[in-house]
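# coordinates only, no sequence provided:
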């Protein structure tokens, strides 16, 4: 994995719903993660986590799981998911 792929994988694994079995995290495979995010598998919080990670990876891409919406995500995320977001916001990086 490249350094950028390692960083996005580490970011994704900060979200509890992704860490618990989302495919495509290690090794990094955004298409596989997107496919899972658009399936009935993840919870609403998980789907928003997928959308966030994919937006960091390639914002504006036509992801099947949909675009990331911060307001909608904050409404459903628990403290652990919000902490993952805060951690990234304090030290963001762009691939």
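Structure received. This is a predicted model, so every value here is computed, not measured. Residues are numbered from 1 along each chain as shown.

# residue ranges in the chain under the pLDDT threshold?
Where the chain drops to pLDDT under 70, the residues are 94-95.

# ranges for the strands of it?
If DSSP state E is used as the criterion, the chain turns out to lack strands entirely.

# can you give me the helices in it?
Listed in chain order, the helices of the chain (DSSP state H) span residues 3-12, 16-19, 30-37, 44-58, 70-76, 79-90.

# can you name every helix or strand that the shortest one contacts?
To tie it back to what came earlier, the one meant is helix 16-19. The criterion is 3 or more CB pairs under 8 Å, 6 or more residues apart in numbering; DSSP states H and E, and the helices and strands that helix 16-19 contacts are helix 44-58, helix 79-90. Placement of C-beta: from N, CA and C, glycine included.

# give me the distance between residue 33 and residue 53.
Separation of residue 33 from residue 53 (CB to CB, to the nearest Å): 7 Å.

# which one of those two has more residues nearby?
residue 53 (29 against 26; other CB atoms under 10 Å).

# tell me how many other residues crowd the residue nearest to the more buried one when sequence neighbours are not counted.
In space, not counting the residues next to it along the chain, residue 53 is nearest to residue 12; the distance is 4.6 Å by CB to CB, 6 or more residues apart in numbering. Here the number of neighbours of residue 12 (other CB under 10 Å) works out to 25.

# wait, residue 12 sits on residue 20?
No: when contacts are counted by CB atoms under 8 Å, residue 12 is not listed as touching residue 20 (11.6 Å).

# neighbours around residue 19, how many?
Applying the criterion other CB under 10 Å, we find 14 residues in the vicinity of residue 19.
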